[in-house]
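Undergrad: here is my input; please provide its structure:
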Amino acid sequence: MPLRLESNRLVLRDFINNDAHDLFDLYKLRETSEFESWNPHEDIEDSVALTRVWIKSLKEKPRMEFTLALLHEEQFVGLCGIDLGFGTETDDQRVGFLGYRLHPKYWNQGFATEASRRMIQFAFGDLRLHRIHSGCSVENAASIRVLEKIGFRLEGTSRKSFPIEDRWTDYNLYGMLDCEIELVT
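TA: Here you go, the predicted model:
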């Protein structure tokens, strides 16, 4: 059954094949990968392949990836997701990694915060996770603001552990436990 979550201004839903073009419009932009370890998509086929991965994840039992398209007034805004067992010391499915990416024309409007809050409610409520973590380059001031606004705590900084192009940057790790969910609502 397809997943659909709603917040005040956004609809978060599973990706469909038709989203590949919107995804390419997002992932081809240099500014959306400025603080990431991957390069922008150069070809629509890169975005088609990524969309197919997310669509395929809908059929997995148990489902381990919940990457959802964000829509505002029927327009594609970006994506937000929880990956279970990703980037942790264990592959335990009670731990999730929060990620998000928005098209620059929707930056500074609170959409990343709103989508992340809704995803956290889903993860702790419906998925019954114990912990959610996230992280970003210490240079990514916008993501740091979002993570702090949604109630994540800075748990540490990993020195020169995150590659961006041909250099290494420090990486901040943030986390939230299920008992801290009241901070999100």
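
Undergrad: now the residue sitting furthest away from the middle of the chain: how far from residue 33?
TA: The outermost residue of the chain relative to its centre, with distances by CA atoms, centre = their mean, is residue 166 at 24.0 Å. Distance, residue 166 to residue 33, by CB to CB, to the nearest Å: 14 Å. All C-beta spots, glycine's among them, are computed from the backbone N, C-alpha and C.

Undergrad: low pLDDT regions in this structure?
TA: Counting by pLDDT under 70, the chain shows low-confidence ranges at 86-92, 183-185.

Undergrad: ok, which stretches of it are strands?
TA: Using DSSP state E, the strands of the chain run over 4-6, 11-14, 65-72, 75-84, 95-102, 131-137, 153-164, 167-177.

Undergrad: show me what contacts residue 149?
TA: Residue 149 makes contacts with residue 113, as judged by CB atoms under 8 Å, 6 or more residues apart in numbering.

Undergrad: any idea how far residue 49 is from it?
TA: Computed as CB to CB, the residue 149 to residue 49 distance reads 33 Å.

Undergrad: make JSON lines out of the strands of the chain and add distance to residue 109 and mean neighbour count.
TA: Below are the strands of the chain laid out as JSON lines (distance: least, CB to CB, whole Å; neighbours: other CB atoms under 10 Å):
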{"stretch": "strand 4-6", "distance to residue 109": "17", "mean neighbour count": "13"}
{"stretch": "strand 11-14", "distance to residue 109": "15", "mean neighbour count": "19"}
{"stretch": "strand 65-72", "distance to residue 109": "9", "mean neighbour count": "22"}
{"stretch": "strand 75-84", "distance to residue 109": "9", "mean neighbour count": "22"}
{"stretch": "strand 95-102", "distance to residue 109": "9", "mean neighbour count": "22"}
{"stretch": "strand 131-137", "distance to residue 109": "19", "mean neighbour count": "22"}
{"stretch": "strand 153-164", "distance to residue 109": "24", "mean neighbour count": "13"}
{"stretch": "strand 167-177", "distance to residue 109": "22", "mean neighbour count": "17"}
